[in-house]
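Colleague: Sharing a model prediction with you, sequence too.
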Amino acid sequence: MPTGFARKYNLHVGDITAVSWLNGNNIDMRLYLQNERNDIVELTCDNAGWGPGDFQELALPNADVIAFVRTIDTGASVVNCLNIFWAGQDQNIYQRISYVESQTHRWLEPVAVASISSAGDRAGSWIGTYFSDESSDIEDKFVRKVRVRIEECIVALSMDYTDGTSTAWSGGSRGQTAEFVLEDNEDIIQVWYVADHQRIRALRFGTSNNRKSQWFGVVTNETPDVWTHDGDALAGFCGTVGGDSVLGLMPIWSERATLSTIEEMVQEAEMLQLEIKALSTADLPDVERKIKSLTVDIQTGFRDGARGAMDSIVKLAVSTEYLHDLTLAARKARLGVDIQRRKHITEQLATCKEQTKFLLDSVRTMSGKSQTLFRTSEGLNAQASEIDVQARSKKARLDRLLQSTKSRRIIADEENEDLRIWIAEAENEVRKAREHLDDLERRSSWSPAVERDPNGLNKFKFRDSLRSRMTMDKPNPKAYSAAQELLKERQSELQRRSEVLKDGTRLMQNLEQASSLADLSFRDIDVKIKELRVLVAEEKKLAEASGKLAVMLQKLLRSGEAMDDNTTAVEFGEELLVVLKDALDIDFLRAQLTVDPGLLEGTLQSIASAV
């Protein structure tokens, strides 16, 4: 039974379901999964191996698929009926049945067995052109703005992100354009919607700062539904469009939740670092051990089989040459061919036939083993490549987190520096005002002393509040006290921010440490992957040899079937020459040859061309 297979997808796939049953002496297996285009597709397996099946149906994104086999006893025979259920894009549950007729599986047409008004997080109609905002770095995207084209329904959608990227408009070009702009460190965590079976009629967004957007679209008396996902941040949408509007829609949530603080970013970075470390210390070494073990199998077991096959070719060539010599001598006999000579020719012919069978068995065994080794190699190489892709993706995400955190730290430093400047100026103004009040008290007279600031307002909005309280025509002790209180508030604010920065410094060190550890793990993965590529190159030769061996085996099978008691040395030579050329074309086999390949090929060529 084949050991398995590997399939690579760039985006998420949906549910995976497998089913198997006994079909005579064979075990049939079927696997159903949803590909990137939202098709439910079938992979089949029998004794010949895995391959694509005949089943392919459109479904809702991330739809579940159910498969089971029902055995029906008709009296005359037992029939295995394969049943498949899935959610179609029109939000109907479909059933499709396959049964065996004349040893062939035949599919009946799909039948709608139920209707669903809402399928999970999906809304509207899913019959249309599919779109998705999903990308490899979707987890690190921060939505800056949602843009909507509206009329009596949602015509089109587009997302702007804080990194300057945007999604293309999904939908039509008509209607009025409106937008909802987010504040710094704000995420959309709720989406209210109104939809029917044909389209999305209205949307409204709620944020992590408890803000709500206007309604986009038309809302009458319906009670809106809401999308939310444990406080996770909205990263984009997927859905269908058609007829110049949005027909179906589903939110894409970011698993990063709302990484609005450095603490959350550090936690995310440390988690990524541990995941990269696990890839380096557990997942990849496991694949590495299996690949090295496979390499040993190739170098030992397969090489032994290759040597045996090449020895069989040489022995058959020697026997064929002897048969050719006996036949040639009999032809040249001047006094006729005696019984003894005929006996020798017959015996040698039997030897050649027996050695042909032995060669056939050797190549068949070697071909089967090479196919098994190749399938195992293909699966392991796919695993190693997937680990490499995961590590690079996680490392890139960690690097973006580090850069984002550094950017936030720079902004925080600048804000604190502005606050320090404001406090220094405010302290100076309060000191001057206090001195002026003290001077007035000593002189027991009042006079204006503090002039208004000719330079305008400070960038901090609360500075004007303090200055306005201190720059009056006649000093007021109450205003002075209020200014002092405001100063104390800002000093407390500075102290709080300083503590946050101090803690942020520690967190940044933790994040940089996580990044450094991830770098070490990533470099280790990179080194191991490069080492594995050397082994992979060897196994590619095995793959080439495997395919050529299969061709060689088929030729040998045809040759063996054609050989009988009347086969001549010339015919043996012709067939063996074809096989030898195939064998010499496989480096792995050529290396096992114990005689000069040129001499061997020349001898067989001479026999094959003899008249």
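Modeller: In hand now; what should we look at? All figures in this text were calculated on a predicted structure; none of them were measured in a lab. Residues are numbered from 1 along each chain as shown.
Colleague: So what does Glu42 have for phi and psi?
Modeller: Per-residue torsions, Glu42: phi -120, psi 140 (degrees, to the nearest 10).
Colleague: before we move on, what about Ser213?
Modeller: With angles defined as degrees, to the nearest 10, Ser213 sits at phi -80, psi 170.
Colleague: For it, grab the count of nearby residues.
Modeller: Residues lying near Ser213 (other C-beta atoms under 10 Å) number 20. Heads up, the C-betas are built off the backbone N, CA and C, glycines and all.
Colleague: what's the distance between it and Gly239?
Modeller: The gap separating Ser213 from Gly239 is 19 Å, by C-beta to C-beta, to the nearest Å.
Colleague: can you check Ser173 too?
Modeller: According to C-beta to C-beta, Ser173 stands 17 Å off from Gly239.
Colleague: more neighbours, the two?
Modeller: Gly239 (27 against 9).
Colleague: Which strand or helix spans that one?
Modeller: strand 233-242 (DSSP states H and E).
Colleague: buried residues in that strand?
Modeller: For strand 233-242, burial by neighbour count (16 or more other C-beta atoms under 10 Å) applies to Ala233, Leu234, Ala235, Gly236, Phe237, Cys238, Gly239, Thr240, Val241, Gly242.
Colleague: quick one, domains of the protein?
Modeller: As given by the TED database, the domain ranges for the chain are 15-115, 123-257, 274-403+539-609.
Colleague: mean confidence score for the shortest one?
Modeller: When you say that, I think you mean domain 15-115. For domain 15-115, mean pLDDT is 79.
Colleague: for the helix or strand harbouring Glu414, packing partners?
Modeller: Per DSSP H and E: Glu414 is located in helix 339-443. Applying 3 or more C-beta pairs under 8 Å, 6 or more residues apart in numbering; DSSP states H and E, one finds that helix 339-443 contacts helix 262-278, helix 284-297, helix 303-332, helix 461-470, helix 477-562, helix 569-584.
Colleague: In terms of mean pLDDT, which of the ones you listed ranks lowest?
Modeller: Among the helices and strands packed on helix 339-443, helix 461-470 scores lowest, at a mean of 46.
Colleague: Next up, identify which helix or strand the closest residue in space to Arg70 that isn't next to it in sequence is on.
Modeller: Leaving aside its sequence neighbours, Arg70 sits nearest to Cys81 (C-beta to C-beta, 6 or more residues apart in numbering; 4.7 Å). Assessed by DSSP H and E, Cys81 sits inside strand 78-87.
Colleague: Check which helices and strands that strand sits against.
Modeller: By 3+ C-beta pairs under 8 Å, 6+ apart, strand 78-87 packs against strand 16-23, strand 65-73, strand 92-101.
Colleague: and the first one, how far from the chain's centre?
Modeller: Which is strand 16-23. Here strand 16-23 is found 25 Å from its chain centre; the criterion is C-alpha atoms, centre = their mean, to the nearest Å.
Colleague: Same check on the longest one?
Modeller: A distance of 30 Å separates the centroid of the chain from that of strand 92-101, by C-alpha atoms, centre = their mean.
Colleague: Pull up the pairing partners for that strand, direction included.
Modeller: Taking DSSP bridges as the criterion, strand 92-101 forms sheet pairs with strand 78-87 (antiparallel), strand 104-107 (antiparallel), strand 111-115 (antiparallel).
Colleague: just so I know, which of those lies nearest Leu600?
Modeller: strand 104-107 (46.7 Å; C-beta to C-beta).
Colleague: got a list of contacts for that closest one?
Modeller: Asp54, Phe55, Leu82, Arg96, Ile97, Ser98, Tyr99, Val100 (C-beta atoms under 8 Å, 6 or more residues apart in numbering).
Colleague: From Phe68, how far off is the first one?
Modeller: Right, Asp54. 18 Å.
Colleague: Likewise for Glu183?
Modeller: Taking C-beta to C-beta, one finds Glu183 at 51 Å from Phe68.
Colleague: Arg506 now?
Modeller: 56 Å.
Colleague: Over to Trp253?
Modeller: Distance from Trp253 to Phe68, by C-beta to C-beta: 32 Å.
Colleague: got it, and Gln605?
Modeller: Using C-beta to C-beta, Gln605 is found at 60 Å from Phe68.
Colleague: out of these two, which sits in the busier spot?
Modeller: More crowded of Gln605 and Phe68, by other C-beta under 10 Å: Gln605, with 15 against 12.
Colleague: Pretty sure the more buried one sits in a helix.
Modeller: Yes: counting by DSSP: H, G, I helix; E, B strand; the rest coil, Gln605 is found in a helix.
Colleague: Quick check: pLDDT value at it.
Modeller: Looking at Gln605, its pLDDT stands at 88.
Colleague: thinking it is in contact with Glu574, fair?
Modeller: No: Gln605 lies out of contact with Glu574 (C-beta atoms under 8 Å); the separation is 9.6 Å.
Colleague: wait, what's in contact with the residue nearest to Arg70?
Modeller: Residues in contact with Cys81, defined by C-beta under 8 Å, 6+ apart, are Val69, Arg70, Thr71, Ile72, Ile97, Ser98, Tyr99.
Colleague: now Trp126
Modeller: Here Trp126 is in contact with Leu60, Pro61, Gly88, Gln89, Asp90, Gln91, Gly239, Thr240, Leu247, Gly248 (C-beta under 8 Å, 6+ apart).
Colleague: Excluding chain neighbours, give the residue nearest to it in space.
Modeller: Gln89 (3.6 Å).
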